[in-house]
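*Asks:* Just the structure for this:
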Amino acid sequence: MPLKSNALTSLAAAKAYLKAQGDIDNTTIEELINASSSAIENYCKRKFKEQAYLEEEYDGTGKNHILLDQYPVKSIESVSIDGTLLSTGQYKVKKRNGVLLNNGGIWPRGEINVTVSYTAGYVEIPADLELACKHLVKSYFSTDIANFSTTFQEGFVFRPEALPAQVKVLLAPYKKVM
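*Replies:* The predicted structure is shown next:
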């Protein structure tokens with residue numbers, strides 16, 4: 001199974017962390033990298049790899065800011081309110097945490113009335129985030145999967161409380177605050 005686009009580490013890095021030799025369990029390790037990467041995204045409530053987010057819809061808050069779903073923000077392609085495109089001087093973004101500010105005052109209250117297209121995420125995954133993924137892969141690799149999930153019909157449902165303490169510590173700076 002190839003690594004998915006959201007993989008937070010490589011097969012070679014995970015194998016080195018596991019001290020695995022040769023082609024032993026490559027498929028299993030790739031599956032664990034994919035599962036660990038998704039579990040981390042779910043736990044942190046955000047995605048990490050750089051990508052474009054087109055026409056994401058947000059509710060106007062009645063405040064001067066909206067928190068974008070993904071960050072760090074690399075660029076804003078467009079912002080519109082009720083279908084009216086704003087000029088770049090009418091808003092600014094705090095790139096580090098994805099806060100979109102309205103320079104003209106407040107975002108008008110409304111449901112799905114603000115639309116934003118932007119690019120966000122990391123080109124290179126930070127070392128501590130990759131370490132969290134490798135550690136979670138190692139935990140999954142050396143422990144029965146039942147300790148990390150709840151059986152639900154045909155598949156498994158991830159239990160965030162089952163994340164190892166070391167992984168939670170590494171992920172703390174990346175967890176989205178709601």
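*Asks:* What residues sit buried inside the helix or strand hosting Val137?
*Replies:* Using DSSP states H and E, Val137 falls within helix 127-142. Within helix 127-142, the residues that qualify as buried are 129-141, counting by 16 or more other Cβ atoms under 10 Å. Using the backbone N, CA and C atoms, a C-beta is placed for each residue, glycine as well.
*Asks:* wait, what's in contact with the residue nearest to Leu171 when sequence neighbours are not counted?
*Replies:* Leaving out its chain neighbours, the residue that sits closest to Leu171 by Cβ to Cβ, 6 or more residues apart in numbering is Ala132, at 5.3 Å. For Ala132, the contact set (Cβ atoms under 8 Å, 6 or more residues apart in numbering) comprises Leu8, Ile40, Gln166, Val167, Leu170, Leu171.
*Asks:* Can you give me the pLDDT of the last one?
*Replies:* Think Leu171. The model reports Leu171 with a pLDDT of 95.
*Asks:* for the third one, same thing?
*Replies:* With respect to pLDDT, Gln166 has a value of 93.
*Asks:* Spatially, which residue comes closest to it, not counting chain neighbours?
*Replies:* Take Gln166 and drop its neighbours on the chain: the residue closest to it by Cβ to Cβ, 6+ apart is His135, 5.7 Å away.
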